[in-house]
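Peer 1: Let me see the structure of the following:
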Amino acid sequence: MATSSTSAAPAADDPRRPDLAVPFVDRVVAAEDAPLDLYGLMSLIFGTMALLMNVKVHAWMCLLMLLAFFANINYYEYDFKQILAHVALVVIAFISTYFRWLIVPVKAAT
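Peer 2: Next comes the predicted model:
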């Protein structure tokens, strides 16, 4: 019966060369060279379009881009004021598109 050896010593016919292995080093990116935050920018654009054009799809796209922004945010880019502004814009976009009758009163027919 053949048994498999589980020793830590490398076999003689092992083609790997551990002396040439180089560990991975993540490169450091400066803050000004970091990629743009397109999800946050698109959230602001769709929120502004929802406010100006009163289109419900734009409010939903604003919410979708905000959730994508939250999913992709890095810890070192976390800014509470920026996130609060994004969330406030989403809330205002939904209020202005779905509850327009609360903001602009309807005149009675005479």
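Peer 1: make it CA atoms for all contacts and neighbour counts henceforth
Peer 2: OK.
Peer 1: What score does the spatially most central residue of the chain have for pLDDT?
Peer 2: Ranked by distance to the mean C-alpha position of the chain (C-alpha atoms, centre = their mean), the top residue is residue 69 at 2.6 Å. According to the model's per-residue confidence, residue 69 sits at a pLDDT of 90.
Peer 1: Leaving out sequence neighbours, find the closest residue to it.
Peer 2: The spatial neighbour of residue 69 that comes closest, neighbours along the chain excluded (C-alpha to C-alpha, 6 or more residues apart in numbering), is residue 39 at 5.0 Å.
Peer 1: chain center to the helix or strand hosting the one you found: distance?
Peer 2: Assigning secondary structure by DSSP states H and E places residue 39 in helix 38-53. Its chain's average C-alpha position is 15 Å from that of helix 38-53, according to C-alpha atoms, centre = their mean, to the nearest Å.
Peer 1: where do the helices sit along this structure?
Peer 2: In order along the chain, the chain carries the following helices (DSSP state H): 38-53, 56-72, 80-98, 100-103.
Peer 1: Comparing the ones you listed, which yields the minimum mean pLDDT?
Peer 2: Sorting the helices of the chain by mean pLDDT places helix 100-103 lowest, at a mean of 71.
Peer 1: contact partners of that one?
Peer 2: For helix 100-103, the external contacting residues (C-alpha atoms under 8 Å, 6 or more residues apart in numbering) are residue 96.
Peer 1: and with 10 Å instead?
Peer 2: For helix 100-103, contacts defined as C-alpha atoms under 10 Å, 6 or more residues apart in numbering pick out 54, 94-97, 106.
Peer 1: Most widely separated two among these?
Peer 2: For the contacts of helix 100-103, the maximum inter-member distance is 19.1 Å, found between 94 and 106 (C-alpha to C-alpha).
Peer 1: out of those two, which sits in the more crowded spot?
Peer 2: Between residue 94 and residue 106, residue 94 has the larger neighbour count (other C-alpha atoms under 10 Å), namely 24 against 9.
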